[in-house]
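**Student:** got a structure for you, letters missing:
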């Protein structure tokens, strides 16, 4: 029975790692239309980060977020907000 528990935990860890490293997705964003969304992990309300965390279930601190690949067909430039506000 111990080996089965180990295998289940190993698979869960691998799935978690893949979901964090390959990006996140908000499956049904319209569900939150017209609402002020509060982030249960960072305790902020009404901010875009709060929405992303709530909709995707991402519990990481934003300091752990990294720039990902551009969305297919996106022509926008990446703006480093740290350089603007420092």
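**Tutor:** Perfect, thanks for sending it. What you are looking at is a predicted structure, and each value in this text was computed from that prediction instead of being measured.
**Student:** Give me the below-cutoff pLDDT ranges for the chain.
**Tutor:** 1, 4, 6-23, 42, 70-74, 76-86 (pLDDT under 70).
**Student:** and residue 65, how many neighbours?
**Tutor:** Residues contacting residue 65 under the criterion other CB atoms under 10 Å number 13. For every residue, glycine as well, the C-beta is placed using N, CA and C.
**Student:** what's the answer for the one 4 residues further on, then?
**Tutor:** Around residue 69 there are 8 other residues, counting by other CB under 10 Å.
**Student:** Any figure for the gap between residue 54 and residue 29?
**Tutor:** Distance of residue 54 to residue 29, given as CB to CB, to the nearest Å: 10 Å.
**Student:** Neighbour count: these two, which is higher?
**Tutor:** Remark: of residue 54 and residue 29, residue 54 carries more neighbours, 18 against 12, as counted by other CB under 10 Å.
**Student:** list the contacts for that one?
**Tutor:** By CB atoms under 8 Å, 6 or more residues apart in numbering, the contact set of residue 54 is 32, 37, 38, 39, 40.
**Student:** go again using 7 Å as the cut-off
**Tutor:** Shown in contact with residue 54 (CB atoms under 7 Å, 6 or more residues apart in numbering): 37, 39.
**Student:** Confirm that it sits in a helix.
**Tutor:** Yes. Counting by DSSP: H, G, I helix; E, B strand; the rest coil, residue 54 is found in a helix.
**Student:** if I look at it, how far off is residue 3?
**Tutor:** For residue 54, the distance to residue 3 - CB to CB - is 37 Å.
**Student:** for residue 30, same thing?
**Tutor:** Taking CB to CB, one finds residue 30 at 44 Å from residue 3.
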